[in-house]
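>>> Next come a sequence and a model predicted from it.
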Amino acid sequence: MKPFILFFIIIFGNVSCLQQEEHVTEIKLEYSSAMCQGYCDYTFIVKKNYKEVTKTPGKAIPSPELKVKKDTIKLTTEEWQQIRQSFVLDSIRALPKINGCPGCDDGAIGSLQVISEKDTISIKFEGPNPPKSITPLVRLITKETFKE
């Protein structure tokens, strides 16, 4: 009887863990600043195999010489795993929908969407100050981007 119970616990435990694993299909990070000169809006779309970066010039203070730039960067499996392991979905779900005062004093507005097979989690934050639970994620996604 004991081996049967042990077998049941092991099998049930493994199935339970498998069911709890939630697959993230896309991460979207946006920065928007109404009052800036140069590139003011950045959009990052990250999926398992690539990261797409779009930079858009500001409209409030026009720079006609600047055009929208779009770049697609191939991600290795290791890079995707590093991004995926840099955050915990439940920690993001626990965050308020609005963190700090995004856009106050003409500051940048940060916006994060994490899309999984279960749901879409969306939060906004003060551009330069993401919540601590997503700071590693934001750093990995924006790495090498704001060096212009």
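Happy to help now that I have it.

>>> quick one: low-confidence parts of this structure?
Residues of the chain that meet the criterion pLDDT under 70 lie in 1-21, 146-148.

>>> Tell me where it has strands.
Ranges of strands within the chain are 24-32, 39-46, 50-57, 69-74, 98-99, 109-116, 120-126, based on DSSP state E.

>>> Relative to the whole chain's centre, how far out is the fifth one?
So that's strand 98-99. 15 Å (CA atoms, centre = their mean, to the nearest Å).

>>> what are the pairing partners of it, and which direction each?
Applying DSSP bridges, strand 98-99 is found paired with strand 120-126 (parallel).

>>> re the thing from before, export the strands of the chain to TSV and tack on mean neighbour count?
C-beta coordinates here come from the backbone N, C-alpha and C atoms, glycine included. Output for the strands of the chain, formatted as TSV (neighbours: other CB atoms under 10 Å):
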stretch	mean neighbour count
strand 24-32	18
strand 39-46	20
strand 50-57	18
strand 69-74	11
strand 98-99	15
strand 109-116	19
strand 120-126	18
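
>>> Using JSON lines, lay out the ones you listed together with distance to L137.
Formatted as JSON lines, those follow (distance: least, CB to CB, whole Å):
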{"stretch": "strand 24-32", "distance to L137": "7"}
{"stretch": "strand 39-46", "distance to L137": "9"}
{"stretch": "strand 50-57", "distance to L137": "12"}
{"stretch": "strand 69-74", "distance to L137": "16"}
{"stretch": "strand 98-99", "distance to L137": "14"}
{"stretch": "strand 109-116", "distance to L137": "8"}
{"stretch": "strand 120-126", "distance to L137": "11"}
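
>>> closest one to Q81 among these?
For the strands of the chain, proximity to Q81 was assessed by CB to CB; strand 24-32 is nearest, at 11.2 Å.

>>> between that closest one and strand 120-126, how many degrees?
Taking axes from the mean of the first three to the mean of the last three CA atoms, to 10 degrees, one finds strand 24-32 and strand 120-126 inclined to each other by 30 degrees.
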